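Asks: quick one, structure for this:
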Amino acid sequence: MAPRKTGLTRVARKKHFKRKGTSQPVLEVGEGSNANPEGEITQPEPPKKRGRGPGKIQKSTEVVEDRPIIWPVGDCEFTCEKDPNKITAAITRLALNNMPGPFRSYNSFDDKTKNNIEFLFLKKFRYHEREDPKHCRDVFEAIAAKRYSAEMYEARDYCFKRWERNIEAWKKFQPHWCLDHPHWHALCDIFFTEDFEKVSLTNKDNRTKSGLLVANHCGSASSHQHFGKLKKLNNGKDPSMGELYLHTHSRRQDGKSPVVAQIASSVIPGGVETNENTDVNGLKDPSTEEPTTLVPDYDIHSLHFTNSEARKLYEKSAGHDG
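Replies: Below is the predicted model:
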């Protein structure tokens, strides 16, 4: 007797149809904007982001001799032989990147965090061997506290001008220096508390009591750095203290420094005019004598000082009647 058939049936194999080969022709050179000299198509580069991103700071190095030597010039500034502005930039970035929590002030950091920040800083620079390390540490912390507060203010001011009191929009925005987003969220909550807004309003009233927003035009650069800038523009001639004061505390109607404008308008032998962006040291005729820059009295009545006290102080020191 033949075996009984079961209900199982063999599944029919599906047929796969092979597509006809289609090869995309390679564009020849000049046929498309994405074709390279070999004729192959390259992917277009993504659009570049607009705006100024985080600036470059001094790199760390394990070789002590490669670290620039710095020394303090005052209670809130370091300098060095080349690019002293990198010192402040490094301190600012390290203080902000290593915030241990949502602190409004650098002075609220614990000692362990401060020690670590200075340790990271000394991987980039080194104090002069003749300087007192304790004094250098005090200067370091003074710079860190000042720049930390300034960056906080700039971030708040940016958010308020763009989104006013929309706290959710504030929280979506994260400054490039804040590596921990929850810290920024907590800072935004602090910025919108009633106590903080009262203190902020009081400080703003004190700053704008004279009717103007700034006490000077130094920005993040120190007076020492502005002194070097004016000296370089003026062919190595030291500016007077009065000129330095005018440069940092007044502006012309067009918004320019009266001292920089005066140097730019002066003519040196050969008919070359000096300006803020031109290196004239290589253009002087060595056969001629060192030119002397005649700086006339500035018309202070046409200048815009940062406040009335700044004007009075200059008038008193310069002997003007006002």
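Asks: which stretches of the stretch 51-200 of the chain have low pLDDT?
Replies: 51-55 (pLDDT under 70).
Asks: the helices in it, which residues?
Replies: 85-97, 111-121, 133-163, 167-172, 181-191, 194-207 (DSSP state H, counting those that start in this stretch).
Asks: out of the ones you listed, which one sits most buried?
Replies: helix 85-97 (a mean of 21; mean count of other Cβ atoms under 10 Å). Backbone N, C-alpha and C define where each C-beta goes, glycine included.
Asks: name the residues that touch the strand of greatest length in the chain?
Replies: Ranked by residue count, the top strand of the chain under DSSP state E comes out as strand 69-72. With Cβ atoms under 8 Å, 6 or more residues apart in numbering as the test, strand 69-72 has contacts from 78-81, 84, 87, 125-128, 130-131, 135-136, 139.
Asks: you'd agree residue 183 is up against residue 98?
Replies: No - under the criterion of Cβ atoms under 8 Å, residue 183 makes no contact with residue 98, lying 10.9 Å away.
Asks: mind listing what the residue nearest to residue 155 when sequence neighbours are not counted touches?
Replies: Counting by Cβ to Cβ, 6 or more residues apart in numbering, residue 175 is the residue found nearest to residue 155 once chain neighbours are left out, at 5.0 Å. Shown in contact with residue 175 (Cβ under 8 Å, 6+ apart): 96, 151, 155, 184.
Asks: make it 10 Å
Replies: 54, 96, 151, 152, 154, 155, 158, 159, 184, 187 (Cβ atoms under 10 Å, 6 or more residues apart in numbering).
Asks: possible to save those as CSV with distance to residue 143?
Replies: Below are these laid out as CSV (distance: Cβ to Cβ, whole Å):
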residue, distance to residue 143
54, 18
96, 13
151, 12
152, 15
154, 16
155, 18
158, 22
159, 25
184, 23
187, 21
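Asks: right, and out of the contacts of strand 69-72, which lies closest to residue 253?
Replies: Residue 253 lies nearest to residue 84 out of the contacts of strand 69-72, by Cβ to Cβ, at 31.6 Å.
Asks: next, the residue lying closest to that closest one once chain neighbours are set aside: phi, psi?
Replies: Spatially, and ignoring its direct neighbours in sequence, residue 84 is nearest to residue 225 (6.3 Å; Cβ to Cβ, 6+ apart). Residue 225 adopts backbone torsions of phi -70, psi -40, taken as degrees, to the nearest 10.
Asks: does residue 225 touch residue 86 like I think?
Replies: No - contact status for residue 225 versus residue 86: not in contact, 11.4 Å apart, counting by Cβ atoms under 10 Å.
Asks: show me what contacts the residue nearest to residue 191 when sequence neighbours are not counted?
Replies: Residue nearest to residue 191 in three dimensions, not counting chain neighbours: residue 156, with 5.8 Å by Cβ to Cβ, 6+ apart. By Cβ under 10 Å, 6+ apart, the residues touching residue 156 are 170, 187, 188, 191, 196, 200.
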